[in-house]
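Provided below are the primary sequence and the corresponding predicted coordinates.
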Amino acid sequence: MISCSTLPQKTVDEKGSYAWKPEKFELNSQNQAFSAEGAVTMWIDVEQFKGKFTGDYQILSSDPEKWRMIITGPFNISVATVIINGETANIFHEGIWDSGPWNEISKQLFNASVDGDLFSVMLGGRFRFEGECAELGNGGKLCRKNGIYYKIANEKVVEIVSGDLYIVSEKKARFPSGKGRAGKNKKAGRSAVEKNKRWIGVSRGKPAFIFENKYLDASADLPESLFEAPKSEEPDIFDEL
């Protein structure tokens, strides 16, 4: 549970004076294609579903532009499926597939615009950076790319600022290794996140979303058809896997 009084505090000062230098690097390069699982809380900004929602997520990505997101609620009931290809998204709702700009759909789901780089950082996937960085004097550094700021400590992103949105990471209790939801053994190739990390997004001073990482599988076979919305008369390939 999170309230306005317990929101994490933003520490990045975008307007500060820094000695910026060109820099490029890649984090989690071993996780180019991956499937991630965990819990999600969203403060949805859609009239018919407006309000707080808590459920589970499975998010798959075959490259930085291609994503598939499955959100489920209590009793594993499907809530939403979103397929993102670059700036375009297809969302399954009310029994049909519909399309629209991802920038707008993400604002409705997460109360903020969330791009592929932000998803990848929060889920533990690959993150390619080419922009500018400045040393912070405490072993960490602040980097900026396309107007988004990333605070890095111990070679890991710990805070992100993107316009009116800031995202802060928190470490949570360790999960039992090899155990999944309801204590079931996970399939080979999946690994429990060493320390469950929670990412809290705050937009315009109000909670926007929370991602709690549990598992990441970088060995999953992700066919391209997973990232294509089926036609209305076709079955969804994900239902067949």
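In hand now; what should we look at? Numbers count the residues shown, from 1 in each chain.

for this structure, what are the low-confidence residue spans?
1-5, 46-49, 94, 172-196, 231-241 (pLDDT under 70).

now the closest residue to Glu14 other than its chain neighbours: how far from Lys66?
The shortest distance from Glu14 to any non-neighbouring residue, by C-beta to C-beta, 6 or more residues apart in numbering, is to Tyr149 (5.6 Å). Where you see a C-beta, it was placed from the backbone N, CA and C, and this is true even at glycine. Computed with C-beta to C-beta, to the nearest Å, the distance linking Tyr149 and Lys66 is 25 Å.

again, but for Asp56
Applying C-beta to C-beta to Asp56 and Lys66 gives a distance of 21 Å.

before we move on, what about Asn103?
In terms of C-beta to C-beta, Asn103 sits 16 Å off from Lys66.

Likewise for Lys15?
Lys15 sits 35 Å away from Lys66, taking C-beta to C-beta as the criterion.

Comparing those two, which shows the higher neighbour count?
Lys66 (19 against 5; other C-beta atoms under 10 Å).

Show me what counts as buried in stretch 85-97.
Buried residues in stretch 85-97, counting neighbours by 16 or more other C-beta atoms under 10 Å, are found at Asn85, Ala89, Asn90, Ile91, Phe92, Trp97.

do the same with stretch 156-166
Buried residues in stretch 156-166, counted by 16+ other C-beta under 10 Å: Val157, Val158, Glu159, Ile160, Val161, Ser162, Leu165, Tyr166.

hey, C-alpha coordinates of it in CSV?
Provided in CSV are the C-alpha atoms of stretch 156-166 (Å, rounded to 0.1, in the frame of the first residue of the first chain):
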residue,chain,number,x,y,z
LYS,A,156,22.6,0.0,-12.0
VAL,A,157,19.9,2.6,-12.7
VAL,A,158,18.3,3.6,-9.4
GLU,A,159,16.1,6.6,-10.5
ILE,A,160,14.6,7.9,-13.7
VAL,A,161,13.1,11.3,-14.4
SER,A,162,11.1,11.9,-17.6
GLY,A,163,9.2,15.2,-17.6
ASP,A,164,6.5,15.1,-14.9
LEU,A,165,7.2,11.4,-14.1
TYR,A,166,9.9,10.2,-11.8
